[in-house]
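> Build me a model from this:
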Amino acid sequence: MSSVRSIPVSLPVSLQHAYLDTMVQMGFMDPPAGSSVKKRKRASTNVYTREPFDRVMSMGRAQFRIGNPHGCMALVCHYGAYKLHGPPRGQETVADDSLRASDRAEYELCYKLMLDLYPDLQPLIKQLYLDSVADPQPWQKLTEQWGKVATAARTDDTHNLLKETAKLVVPTVQHILFPVLSTDSKSDRGNSHRTLRLELMGCKDRALMPPVAYICPDPQNPAQILTPGELSFEDFKTEWVTKDGDYEYGKLFKNILALFDDPLLADWSAATLAVSAEVFRDAEAPPPLDDDNQPAPLLRRLLVVTLPLLDPSSVHDAHDSLFMQLTRPDVL
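Numbers count the residues shown, from 1 in each chain. Sure thing, here's the model as predicted:
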């Protein structure tokens, strides 16, 4: 196969060396006699002297770092190349549109970000893609190689950056993660760490929590080090509300009390109190009673926790509709 391929005449002279190097490294062309291009076993580690194919592979490694770390490289190339370069020569139909528009747009963006790493090599990538109908193997091999190096880069990042967690999460080099991570155990990582679990929260939940505290120099006296104390309930307390949209907790409270006070539901109330007596059997003192030898209002309020455990069908048939009416969401 390598003997029938040659450098496309439509490719700019400045990119002919890059095209030859790429095709030679992928095994689709042999280097001409006297050419400076040679088959290499491994890529150069010097970013300033890397040959074209090594820089092309850097695009693949960068995609999962600047794009989607869990994206599919085949889809990135399928949708992204069509968006950026148009259909391959000889293919008039549009690319498969089975993905959601948002997913497709994400893959298209990832591809563009990947090629933006080396703008001078974009015409080379475009050439391989446009020729992919007449000669599909180079483009297929390139996308496969991109997928391999991207997966390897993600694995390396996960392994190497894991050791740098304490340095990456702090705002400056003068801050130290607190509590300090142990060096001989992983039992204090992730959600088990009081600071790291805050960093793992979504934005909405994180906004309700207190600011992260680090070990850092005292702003008033830089020679002194400030160490965060233990978090208390006050650190997490937020403003209490009695209404959540159209849902009013005050109405719920009144409806529950009315349910317990209804004389027609005395049997159901007695059964509920029996459940409560079992739940609170280890209490130090018996439940308080009012003047009518009935549970006091405070106890009735405590008993509302048993409502979710009750089957509405256990309520007397004559009062099923009342129970459902009192607990209907639109009433609350």
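> Only C-alpha atoms from now on, for both contacts and neighbour counts.
Will do.
> Roughly how far does residue 215 sit from residue 179?
In this view, residue 215 and residue 179 are 9 Å apart by Cα to Cα, to the nearest Å.
> same thing with residue 92?
As for residue 92, its distance to residue 179 is 60 Å (criterion: Cα to Cα).
> who's more crowded, those two?
The neighbour count for residue 92 versus residue 179, taken as other Cα atoms under 10 Å, is higher for residue 179 (16 against 9).
> In a strand, that one, correct?
No - secondary structure assignment places residue 179 outside any strand; it is coil (DSSP: H, G, I helix; E, B strand; the rest coil).
> Please report how far it lies from residue 129.
52 Å.
> Next: residue 218.
For residue 218, the distance to residue 129 - Cα to Cα - is 58 Å.
> Counting neighbours, go ahead and name the busier of the two.
The residue with more neighbours, out of residue 218 and residue 129, is residue 129; 25 against 12, by other Cα under 10 Å.
> contacting residues around the helix or strand that contains that one?
Assigned by DSSP states H and E, residue 129 belongs to helix 122-130. The contact list for helix 122-130 (Cα atoms under 8 Å, 6 or more residues apart in numbering) reads 11, 15, 18-19, 81, 85, 87-89, 115-116, 138-139.
> Tell me which of the residues you listed fall in helices.
18, 19, 81, 85, 115, 138, 139 (DSSP state H).
> Can you name the residues that contact the fourth one?
By Cα under 8 Å, 6+ apart, the contact list for residue 85 reads 126, 129, 130.
> Equivalent analysis for the first one, please.
The neighbourhood of residue 18, defined by Cα under 8 Å, 6+ apart, consists of 51, 52, 53, 121, 124.
> Also the last one?
Counting by Cα under 8 Å, 6+ apart, residue 139 touches 128, 129, 132.
> any idea of the pLDDT on it?
If you check residue 139, the pLDDT there is 96.
> ditto for the second one
At residue 19, the pLDDT value in this model is 95.
> So it sits against residue 6, correct?
No - with contact defined as Cα atoms under 8 Å, residue 19 does not count as touching residue 6 (9.5 Å).
> And those two? Which one has more around it.
Neighbour count, other Cα under 10 Å: between residue 19 and residue 6, residue 19 has more, with 22 against 13.
> can you tell me how far residue 18 sits from residue 124?
Residue 18 is 7 Å from residue 124, where distance means Cα to Cα.
> swap in residue 19?
On the measure of Cα to Cα, residue 19 and residue 124 end up 6 Å apart.
> ok, back up a step: name the nearest of the contacts of residue 85 relative to residue 207.
residue 126 (44.6 Å; Cα to Cα).
> how much space between the nearest residue to residue 260 once chain neighbours are set aside and residue 219?
Leaving aside its sequence neighbours, residue 260 sits nearest to residue 269 (Cα to Cα, 6 or more residues apart in numbering; 6.0 Å). From residue 269 across to residue 219, the span is 60 Å (Cα to Cα).
> what do you get for residue 58?
The separation that residue 58 has from residue 219, given Cα to Cα, amounts to 43 Å.
> Report pLDDT for the residue nearest the centre of the chain.
In the chain, the C-alpha nearest the mean C-alpha coordinate belongs to residue 202, at 8.5 Å (Cα atoms, centre = their mean). pLDDT, residue 202: 73.
> now do the one 4 residues further on
Residue 206 is assigned a pLDDT of 78 by the prediction.
> can you check the one 3 residues further on too?
What the model reports for residue 209 is a pLDDT of 81.
> and residue 49, what element?
Under the criterion DSSP H and E, no helix or strand holds residue 49.
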